[in-house]
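Enquirer: predicted coordinates and the sequence they were generated for:
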Amino acid sequence: MTEGISLQATGLVSGYSATPIVKGVDLTIPSGRISVIVGANACGKSTLLKTLARLLTPQSGAVLLDGQSIGSLPTKELARSLGLLPQSPIAPEGIVVSDLVGRGRHPHQKLFRSWSPQDDAAVADALEVTGITDLADRSVDELSGGQRQRVWIAMALAQETGVLLLDEPTTFLDVAHQIEVLDLLTDLNRSKGTTIVMVLHDMNLAARYADHIFAMRAGELIASGAPADVMTSELISEVFALDATVIPDPVSGAPMVLPRGRHHVLPAHAV
């Protein structure tokens, strides 16, 4: 199991140029759990994730990893504790799966030290856990969207971090591959204790797979907690400006959001 690593933000303000997008966010990521950040488009979800990963420098406030500001940590030291899978990553043309996964070992490389048996073992384990060992010698360019996403996750696993941040890992995937990826991340969390933080657009998948939900609106964190406590009709209205009924998911028991529009609504549920 991965040793628990604490990740938190205090008074976090960040954005692009001088324009703040994340505005005064305080949060603590539950260690060893799956957290999902939800909110409407352009509310600051991805900006928050990039700031937690140090791709963006806070305009004020701080991101703390085990109590230390991530801004003060050497790059390789940070990369041994925290990994990021961004939206739509791009693989070098012609690279094969095993070589791309092997790039996750870079934070563990030292000056004058060649590839080691430990590196081989980490890559082999990442390939096995993600179910792509049989693809090791295939070109990434030849793979389906779901297979490529598994490869990127395998690269992040080979990095052997205690915290894994994923920005919309199910984007552009069909429903079957979305479930496949989220099941894989749940397996990783349960088998290795990896702390996982995701941005997801699908409210129902977020409610089903999250242990903890952070809900954002206009750059601010307006609610956080267990899905059953956060995913309410009132919050859906506040966060997404959407009228919805929330019922128990008949498959998982998690909250299930049923949007109400102007059409195809039974009289009993009409607004």
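Expert: Cool, got the structure.
Enquirer: so who does the closest residue to Gln59 other than its chain neighbours touch?
Expert: Excluding its sequence neighbours, the residue lying closest to Gln59 (C-beta to C-beta, 6 or more residues apart in numbering) is Val13, at 4.6 Å. The way it works is simple: take the backbone N, C-alpha and C, and place the C-beta from them, glycine included. Neighbour list for Val13: 20, 22-25, 58-61 [criterion: C-beta atoms under 8 Å, 6 or more residues apart in numbering].
Enquirer: narrow those to those in strands?
Expert: Judged by DSSP state E, strands contain the following of the contacts of Val13: 20, 22-25, 60-61.
Enquirer: ok but Gln178 is inside a helix, no?
Expert: Yes. When DSSP: H, G, I helix; E, B strand; the rest coil is applied, Gln178 is found to be in a helix.
Enquirer: coming back round to it: top of the contacts of Val13 by neighbour count?
Expert: Within the contacts of Val13, Val22 tops the neighbour count with 28 neighbours, counted by other C-beta atoms under 10 Å.
Enquirer: helices of the stretch 151-271 of the chain, residue ranges please.
Expert: 175-192, 203-209, 227-230, 233-240 (DSSP state H, counting those that start in this stretch).
Enquirer: nearest to Ala121, out of those?
Expert: Among those, the nearest to Ala121 by C-beta to C-beta is helix 175-192 (14.3 Å).
Enquirer: got the CA positions of the closest one in PDB?
Expert: C-alpha atoms of helix 175-192 as PDB (Å, rounded to 0.1, in the frame of the first residue of the first chain):
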ATOM      1  CA  VAL A 175     -19.400   4.900 -22.000                       C
ATOM      2  CA  ALA A 176     -17.900   1.400 -21.900                       C
ATOM      3  CA  HIS A 177     -14.300   2.800 -21.900                       C
ATOM      4  CA  GLN A 178     -15.300   5.500 -19.300                       C
ATOM      5  CA  ILE A 179     -16.400   2.800 -16.900                       C
ATOM      6  CA  GLU A 180     -13.300   0.700 -17.700                       C
ATOM      7  CA  VAL A 181     -11.000   3.600 -16.800                       C
ATOM      8  CA  LEU A 182     -12.800   4.500 -13.700                       C
ATOM      9  CA  ASP A 183     -12.900   0.900 -12.500                       C
ATOM     10  CA  LEU A 184      -9.100   0.700 -13.200                       C
ATOM     11  CA  LEU A 185      -8.500   3.800 -11.000                       C
ATOM     12  CA  THR A 186     -10.700   2.300  -8.300                       C
ATOM     13  CA  ASP A 187      -8.700  -0.900  -8.400                       C
ATOM     14  CA  LEU A 188      -5.500   1.200  -8.100                       C
ATOM     15  CA  ASN A 189      -6.900   3.100  -5.100                       C
ATOM     16  CA  ARG A 190      -8.000  -0.100  -3.300                       C
ATOM     17  CA  SER A 191      -4.900  -2.200  -4.000                       C
ATOM     18  CA  LYS A 192      -2.200   0.400  -3.500                       C
END
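Enquirer: shouldn't Ala210 be in contact with Ile29?
Expert: No. Applying C-beta atoms under 8 Å as the test, Ala210 and Ile29 come out as separate, 11.9 Å apart.
Enquirer: intersection of neighbour lists for those two?
Expert: In contact with both Ala210 and Ile29: Ser35, using C-beta under 8 Å, 6+ apart.
Enquirer: the more surrounded of the two?
Expert: More crowded of Ala210 and Ile29, by other C-beta under 10 Å: Ala210, with 25 against 20.
Enquirer: nearest spatial neighbour of the more buried one, skipping sequence neighbours?
Expert: Ala210's closest residue in space is Val36 (C-beta to C-beta, 6+ apart), at 3.9 Å.
Enquirer: still on that earlier bit, can you add distance to Glu160 and give the helices of the stretch 151-271 of the chain back as JSON lines?
Expert: Shown next, in JSON lines, are the helices of the stretch 151-271 of the chain (distance: least, C-beta to C-beta, whole Å):
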{"stretch": "helix 175-192", "distance to Glu160": "9"}
{"stretch": "helix 203-209", "distance to Glu160": "23"}
{"stretch": "helix 227-230", "distance to Glu160": "29"}
{"stretch": "helix 233-240", "distance to Glu160": "35"}
